[in-house]
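Colleague: coords please:
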Amino acid sequence: MTSGADDLANARKAHEAGDYAVELAILEPLVEQGHAIAQRHLAYLYLQGQGVEKDPARAVGLLRKSADGGDLLSVYSLAEAYMQGLGVERNESEGIELLRRAAVGGNPNAQLNLGSSYRLGRGVPQDLAEALKWFRSAAQQGHPRAESILGYCYGEGIGVERDDAEAVRWLTRAAEKDYPEAQYLLGLKYLHGVGVARSLPEAAGWFRRAAEWGEARAQYNLGVSYATGQGSPRDLVQAHLWFGLAASQGDFHAKAAVPRLEVSMSKDQIDDGRRAREQWKPRKQIRPEGMPDWEWLARTYPRQERNS
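Modeller: Model (predicted):
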């Protein structure tokens, strides 16, 4: 006989394999028993329409039950539903109160988003000092996006006195967790020698790590490294590959760089670059064994705000 924890682990494995029918079969009995985490996972299926017909209102109902059962990640998710008007009438005030409840309870995702609300003046008066307080709370728990934002704020002097060394410290923490935006921002620090000794190879290395996840700005900068031979061996085919990938995502600088680069390339080189782009695939996040739900969500949830 399996425990609830075992059942949830099996449901997660089924989800990661794309076998939503198996996941549903595991979750539904747990939901009937009032299992709060199972209710949240089923809610996510209804939000995405995975294995069930998409039904945001049903998802919100499940999140409410889970939140009432004390699951802080459900409180956070319910807050976002109110902020976005997803399955419920949009209500920023209600969303902020739920975010605050989850943030005070210690959920790092809620702390991050509450900080973003104060930073942007979304649902609350803009207050950069309050934003920094919540970013720091989330970052101190190891939230990679919060670490990245905190590093950016130190680097720009947003809500705190500018401190380039502290910016690099927080960006490095997030970058080492393979958070692409932090890797890109850290690459810029090494490129310009801000807060660290200037190192073009180190910059190119961080741009590459971010580019492999699909970060367009990093792809462009990696293309520059290959095109100029600064930080990487000069390689026009590789430059064409990374410029092309960034351009396909709408990067303005990359779109201009591709035709300029092609003037210096042979037809075979251009064809090689295009083939490499067609075959390229971004790295895929793989959930480490034992990673808590909040951290996995922090690493995989689509970014809603760009630092720069």
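Colleague: What residues sit buried inside stretch 21-39?
Modeller: Neighbour-count burial for stretch 21-39, counted by 16 or more other C-beta atoms under 10 Å, picks out 22, 23, 24, 26, 27, 30, 31, 35, 36, 37, 38, 39. From N, CA and C alone the C-beta is placed, and that goes for glycine too.
Colleague: Kindly report the same for stretch 188-198.
Modeller: Buried-residue list, stretch 188-198, by 16+ other C-beta under 10 Å: 188, 189, 190, 191, 195, 196.
Colleague: Stretch 276-294 now?
Modeller: For stretch 276-294, burial by neighbour count (16+ other C-beta under 10 Å) applies to 276, 277, 280, 293, 294.
Colleague: residues in contact with the helix or strand harbouring residue 210?
Modeller: For residue 210, the host element (DSSP states H and E) is helix 200-211. For helix 200-211, contacts defined as C-beta atoms under 8 Å, 6 or more residues apart in numbering pick out 175, 178, 180-181, 183-184, 186-191, 196, 217-219, 221-222, 225, 230-232, 242, 245.
Colleague: and with 6 Å instead?
Modeller: Identification of contacts with helix 200-211 by C-beta atoms under 6 Å, 6 or more residues apart in numbering yields 180, 183-184, 186-187, 190-191, 218-219, 221-222, 225, 230-232.
Colleague: What is the helix or strand bottoming out on mean pLDDT in the chain packed up against?
Modeller: Scoring the helices and strands of the chain by mean pLDDT, DSSP states H and E places helix 293-300 at the bottom, with a mean of 83. Judged by 3 or more C-beta pairs under 6 Å, 6 or more residues apart in numbering; DSSP states H and E, the packing partners of helix 293-300 are helix 108-120.
Colleague: Packing partners of the helix it packs on?
Modeller: Helix 108-120 packs on helix 92-104, helix 128-139, helix 293-300, going by 3+ C-beta pairs under 6 Å, 6+ apart.
Colleague: What pLDDT is listed against the closest residue in space to residue 235 that isn't next to it in sequence?
Modeller: Distance criterion C-beta to C-beta, 6 or more residues apart in numbering; nearest residue to residue 235, sequence neighbours excluded, is residue 226 at 4.8 Å. Residue 226 is assigned 98 on the pLDDT scale.
Colleague: hang on, residue 226 packs against residue 232?
Modeller: Yes: contact criterion C-beta atoms under 6 Å: residue 226 and residue 232 qualify, at 5.2 Å.
Colleague: now, which of the buried residues of stretch 188-198 sits nearest residue 267?
Modeller: Checking those against residue 267 with C-beta to C-beta, the nearest one is residue 191 at 32.0 Å.
Colleague: how is this structure carved up into domains?
Modeller: When the chain is parsed with automatic domain parsing, its domains come out as 1-105, 219-285.
Colleague: Among the ones you listed, show the one with the smallest mean pLDDT.
Modeller: Of all the domains of the chain, domain 1-105 has the smallest average pLDDT, which comes to a mean of 93.
Colleague: ok, back up a step: between all of the contacts of helix 200-211, which two are separated the most?
Modeller: 180 and 230 (21.8 Å).
Colleague: of those two, who's got more company?
Modeller: residue 180 (26 against 14; other C-beta atoms under 10 Å).
Colleague: show me the contacts for residue 283.
Modeller: Shown in contact with residue 283 (C-beta under 6 Å, 6+ apart): 212, 213.
Colleague: Could you report the neighbour count for the nearest residue to residue 190 once chain neighbours are set aside?
Modeller: Among residues not flanking residue 190 along the chain, residue 203 sits closest, at 3.8 Å (C-beta to C-beta, 6+ apart). For residue 203, the neighbour count with other C-beta under 10 Å is 25.
Colleague: circling back: which among the contacts of helix 200-211 end up buried?
Modeller: Buried residues within the contacts of helix 200-211, defined by neighbour count using 16+ other C-beta under 10 Å: 180, 183-184, 186-187, 190-191, 218-219, 221-222, 225, 231-232.
Colleague: So which of those residues sit within strands?
Modeller: Taking DSSP state E, every one of the buried ones among the contacts of helix 200-211 sits outside strands.
Colleague: Next, check those residues against the helices and list the overlap.
Modeller: Among those, DSSP state H puts 180, 183, 184, 186, 187, 190, 191, 218, 219, 221, 222, 225 in helices.
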